[in-house]
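Participant: What shape does this take:
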Amino acid sequence: MASQPKGRFAVYRQTLTAIAARTGTPFPSLILSFGILHELTAVVPLVGIFYGSRALGIGERVVSAVMEDKMQNSTNYETSTHDKISLSWGKQKLKSWVEEGDRWVIKVGRRYGIFGYEKRMSGTVDNIEEMAGVSGHIAGDVANAILAYGATKVRPGGIWILTNQ
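Facilitator: Modelled structure (predicted):
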């Protein structure tokens, strides 16, 4: 009996090795392809949504609507308790993505000196939570970056849940 590989990624390695054997593709090539595809499906939408929201001027409006609880059900009929719970869950999820996106924008903005943030000196540690709490109003490229970040986090199932409320 051959010994089973141990470690954190053993199961994934076994699965990918089986796929490599079945398809005749070298294992390193599969890993590289996965890495490239993963980054393309994450980075390209992020950049595209950022520049799209910037061109249309919608980042600030969307982020403000999410944070100010102005998102309402657009239908005029009575909603069931289940629908209200789902809508509340959706609002909370969007708020958490905006807050997470705000922290991400501060971190990236301070590191590279973009989104209107001053580039931090090397070796300086920022208190991201404190900086996120200070900004009462999110505007401009920061709002566009937060919108792009949140939109790339939405999964196809998540879009269906949020639009069918």
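
Participant: Tell me where this structure has helices.
Facilitator: For the chain, the helices defined by DSSP state H cover 10-23, 27-56, 59-67, 81-112, 128-134, 140-153, 156-163.

Participant: do you know which of those helices lies nearest M121?
Facilitator: helix 81-112 (10.1 Å; CB to CB). C-beta here means a position set from N, CA and C on the backbone, and glycine is covered the same way.

Participant: So which bits of that closest one are buried?
Facilitator: 86-87, 90-91, 93-94, 97-99, 101-102, 104-107, 109-110 (16 or more other CB atoms under 10 Å).

Participant: shaky segments in the chain?
Facilitator: Within the chain, the ranges that satisfy pLDDT under 70 run 1-5, 69-87, 133-137, 155-165.

Participant: switch the cut-off to 50
Facilitator: 1, 70-77, 157-165 (pLDDT under 50).

Participant: Need the winner for burial among the helices of the chain.
Facilitator: helix 140-153 (a mean of 22; mean count of other CB atoms under 10 Å).

Participant: Show me the contact partners of stretch 109-119.
Facilitator: Outside stretch 109-119, the residues within contact range by CB atoms under 8 Å, 6 or more residues apart in numbering are 105-106, 108, 120, 126, 131, 140-142, 145.

Participant: at 10 Å what do you get?
Facilitator: For stretch 109-119, contacts defined as CB atoms under 10 Å, 6 or more residues apart in numbering pick out 50, 105-108, 120, 122, 124, 126, 128, 131, 139-146.

Participant: chain center to it, what's the gap?
Facilitator: For stretch 109-119, the separation from the chain centroid amounts to 19 Å (computed by CA atoms, centre = their mean, to the nearest Å).

Participant: how long is that stretch from one end to the other?
Facilitator: Taking CA to CA, to the nearest Å, the first and last residues of stretch 109-119 lie 7 Å apart.

Participant: for the residue lying closest to P26 once chain neighbours are set aside, what are its contacts?
Facilitator: Nearest residue to P26 in three dimensions, chain neighbours excluded: A20, at 6.5 Å (CB to CB, 6 or more residues apart in numbering). Residues in contact with A20 (CB under 10 Å, 6+ apart) are 26-31.
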